[in-house]
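# I need the structure of the sequence given here:
(2 chains)
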Amino acid sequence: MKAIYLDNNATTRVDPAVVEAMLPFFTEHFGNASSAHSFGAEVGTAVKAARQQLQQLLGAAHDHEIIYTSGGTESDNAAILSALEAAPDRREIVTSKVEHPAILSLCEHLEKTGRAKVHFIGVDKVGQLDIEAYRAALSEKVAIVSLMWANNETGTIFPIEGLAELAKEHGALFHTDAVQAAGKTPISLKDSAIDMLSLSGHKLHGPKGIGALYVKKGVRFKPLIRGGHQERARRGGTENVPAIIGLGKAAELALGHIADEQGRVRELRDRLEKAVLQRVPNCIVNGDRHDRLPNTSNIAFEYVESEAILLHLDRNGVAASSGSACTSGSMEPSHVLKAMEIPEAALHGAVRFSFSRDNVAEDVDRVIEALPGIVEKLREMSPFWADAEKKINDSKTVFA
Amino acid sequence: MWEYSEKVKEHFFNPKNAGVLAGANAIGEIGALACGDALKLMLHIDPVTEIVLEAKFQAYGCGSAIASASGLTELVINKTLAQARAITSREIAEFLGGLPPEKMHCAVMAHEALQSAIANFRGEDWNSDHEEAALVCKCHGVDAAIIERAIRDNGLTAVEQVGACTGAGTGCTTCYERIEDILLRVTSEVAAAQAMARQTEGRAHSAEAVAETGRASRAPAASEGSRAGSVNLFSAATRPASAAPARPPAQRPAAEASPLSPASPLPPPSAGMTNLKKIRLIEETIEDLRVYLRKDGGDCELIDVDGSNVLVSLTGACVGCQMASVTVSGIQERLIAKLGVPVRVIPVGRSAH
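Okay, here's the model as predicted:
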């Protein structure tokens, strides 16, 4: 049985063309980009070419606005800590309750240690930002606003360009975690008010352990990692050359595939959602269905716990993920779904299916075939289902 | 992600005894939808021999929750009640070939459902004393609730002491920061509660008319723990400043019964110290502490006093210092000691006010 991978928001398969581009930089072109000799020079040229590939993907004005990092988390940390250091008279941060832990746990830590006051802006039932609360939190005290472009759990897309404009009115820097958005939705930074943007290689069919931080020309940047003069002294440490080359290639391929993501991949996702909603009673789609990543579907099944569904799906050869952080042992449901105030019965039953260009129509068929039976079996075992089902049938009778 | 044993998988994919038991005469129910797991255990016990003849379950939860429930039914069938009662959560986990440390709570849930069912059979009340909390130390399976209890019960102040008491943090030591966080939170809660208790005592002495009521309500509250008190304290920020610190929950019955009666012997809250005096005392205390902070190249400035919240700005070397949170809690402890009322020190930026 062919294994079906529908967890592309967690990580993606490295594109074979990316691997191919990387390989010579382990063996043949192993030089240090900083070296003066020819071994270094050819590597230096390749690193610059990769930077231009990223510039293209992001629609940035200059290639030197791209700083290579170890990934999305480092980029996020570097952006926020830089902003605080560069503006000592501004001690506040504005972010949202649904950010990735790379932002949330850093902000909580900064608050706890008294280094900043943080405004965690809430969201509505589809995961869209509370714009009024956001406006109210902005002031001359805010050093940086950090809001994700697209949510990793639900795919909900924030109106990021507009949010950046609002931040500018108060002179605050604007950072966006675009780890999920890059390569799935068009991005053009050149004429935007976005000052900084994080992306990660392994979410767009590139290697793990590499990412980038875009820092708009003119924005004062304070390095997180100090060392040599690499990355124009904005990020010390010898360049991870093979990964950088891989990231560049991945960015180039992603740009070419955005139409596929927006078209074919979206259709796969929509077909799955429609079929599941038709065949499985009592499930809801989480997220903003009007403004959402084309590859992400978060479906909550009432009265069932998501890990139980995932185990059964896995046995059917389907890999998906849950919105809850059940594995942490705390049994805490997803902070994103909690912020969205998803009904209690569904909060622990969310399953995320995330597609990529690697997926085909048969993958959707397999899920549609397996899922209704799995949910039914688990509901039959649930102590809550009999009562719930009775209520549902009663209400149907009333309407009939 | 899943490190389940074959036996867990077997019991999850093909659970034994799932469903409703029609003739059940002992039912135990644990958990809720909101918790993410729940178990209903149904037993048919022979009333004469007290042997468990049948056992069935309904479960809502993750893989190991369902497997634990299934395993439990296999374990209790044909056992006497005395034997069943002696089954521990560890035995349930062992029966399943072990559970990952993060999932031990599933075996605990199964164990509790069994205890609850037995109590139900005997016509007794049964309450779970288990508190579910996030796992902190993976090496020794110690969760936040255990650590918190150890800190409160033994007055622990250092990570090493927590290790000696609970084993937490003595394995790979990677959970050091998380233990430190819990220590910081709990010790400042305890300090605040103690200050509150001192104040409560003072009032009880001066107000003889309600002394009896005061004493009666204080006794059970003390064993309930300081948590309730401190939670109340920290949520006090939204209430009028003067009323906030002087109304500990322990005193509520007395306080709420009396203040409206004209002859109330209770002094007004915060009596004995005007706001001005209070602020001066806070200023003096912080001024004393600044000497020490300046030695390390840091500094601290009083920004504002808002009810029980004391807003300070840490500057110089304090900014970005790893120990800043320790400094803040130190200032808080000192203020509580000096003022005799609970306060919360909140670090803010200079420009915040």
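# mind checking the SS state of A:Leu54?
Under DSSP: H, G, I helix; E, B strand; the rest coil, the three-state class of A:Leu54 is helix.
# show me what contacts it?
Residues near A:Leu54 by C-beta atoms under 8 Å, 6 or more residues apart in numbering or on different chains: A:Ala60, A:Asp63, A:Ile66, A:Leu199, A:Ala212, A:Leu247, A:Gly248, A:Ala251. C-beta: built from backbone N, CA, C; applies to glycine.
# run through the chain and note the low-pLDDT ranges.
Went with chain A since none was named. Within chain A, the ranges that satisfy pLDDT under 70 run A:323-331, A:396-400.
# let me rephrase: I mean chain B.
By pLDDT under 70, the low-scoring segments of chain B are B:1-2, B:129-132, B:203-273, B:317-326, B:349-353.
# tell me where it has helices.
For chain B, the helices defined by DSSP state H cover B:6-13, B:63-76, B:81-85, B:89-95, B:104-122, B:144-154, B:159-166, B:176-206, B:211-224, B:227-234, B:252-257, B:275-295, B:324-339.
# got the buried residues for the fourth one?
Going back to what we said before, that points to helix B:89-95. Buried residues in helix B:89-95, counted by 16 or more other C-beta atoms under 10 Å in any protein chain shown: B:Ser89, B:Ile92, B:Ala93, B:Phe95.
# and the helices of chain B as a markdown table, adding distance to A:Gly263?
A markdown table is the format used below for the helices of chain B (distance: least, C-beta to C-beta, whole Å):
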| stretch | distance to A:Gly263 |
| --- | --- |
| helix B:6-13 | 38 |
| helix B:63-76 | 37 |
| helix B:81-85 | 60 |
| helix B:89-95 | 50 |
| helix B:104-122 | 44 |
| helix B:144-154 | 47 |
| helix B:159-166 | 55 |
| helix B:176-206 | 46 |
| helix B:211-224 | 61 |
| helix B:227-234 | 52 |
| helix B:252-257 | 63 |
| helix B:275-295 | 61 |
| helix B:324-339 | 50 |
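# could you identify which of those helices is most buried?
Across those, averaging neighbours per residue (mean count of other C-beta atoms under 10 Å in any protein chain shown) puts helix B:63-76 on top, at a mean of 28.
# any idea of the angle that helix forms with helix B:104-122?
40 degrees (axes from the mean of the first three to the mean of the last three C-alpha atoms, to 10 degrees).
# show me which of the buried residues of helix B:89-95 is closest to chain A.
B:Ala93 (14.1 Å; C-beta to the nearest C-beta).
# ok so, going back, the contacts of A:Leu54 in strands, which ones?
A:Ile66, A:Leu199, A:Ala212 (DSSP state E).
# can I get the CA coordinates of stretch A:254-265 in CSV?
The C-alpha trace of stretch A:254-265 is given here as CSV (Å, rounded to 0.1, in the frame of the first residue of the first chain):
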residue,chain,number,x,y,z
ALA,A,254,8.1,27.0,-5.6
LEU,A,255,7.7,30.2,-7.6
GLY,A,256,7.0,28.0,-10.7
HIS,A,257,4.5,25.9,-8.8
ILE,A,258,2.3,28.7,-7.2
ALA,A,259,-0.2,28.4,-10.1
ASP,A,260,-0.4,24.6,-9.4
GLU,A,261,-0.9,25.2,-5.7
GLN,A,262,-3.6,27.8,-6.4
GLY,A,263,-5.3,25.6,-9.0
ARG,A,264,-4.9,21.8,-8.9
VAL,A,265,-3.8,21.5,-5.2
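# ok so, going back, are any of the contacts of A:Leu54 buried, and which?
Looks like the contacts of A:Leu54 have A:Ala60, A:Ile66, A:Leu199, A:Ala212, A:Leu247, A:Gly248, A:Ala251 buried, using 16+ other C-beta under 10 Å.
# quick check: the two most widely separated of these?
Farthest apart among the buried ones among the contacts of A:Leu54 by C-beta to C-beta are A:Ala60 and A:Leu247. That separation is 14.5 Å.
# now do the strands in the stretch 301-400 of chain A.
A:318-319, A:321-322, A:350-354 (DSSP state E, counting those that start in this stretch).
# redo the ones you listed as a markdown table? Include mean neighbour count and distance to chain B.
Formatted as a markdown table, the strands of the stretch 301-400 of chain A follow (neighbours: other C-beta atoms under 10 Å in any protein chain shown; distance: least, C-beta to the nearest C-beta, whole Å):
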| stretch | mean neighbour count | distance to chain B |
| --- | --- | --- |
| strand A:318-319 | 19 | 10 |
| strand A:321-322 | 24 | 9 |
| strand A:350-354 | 27 | 11 |
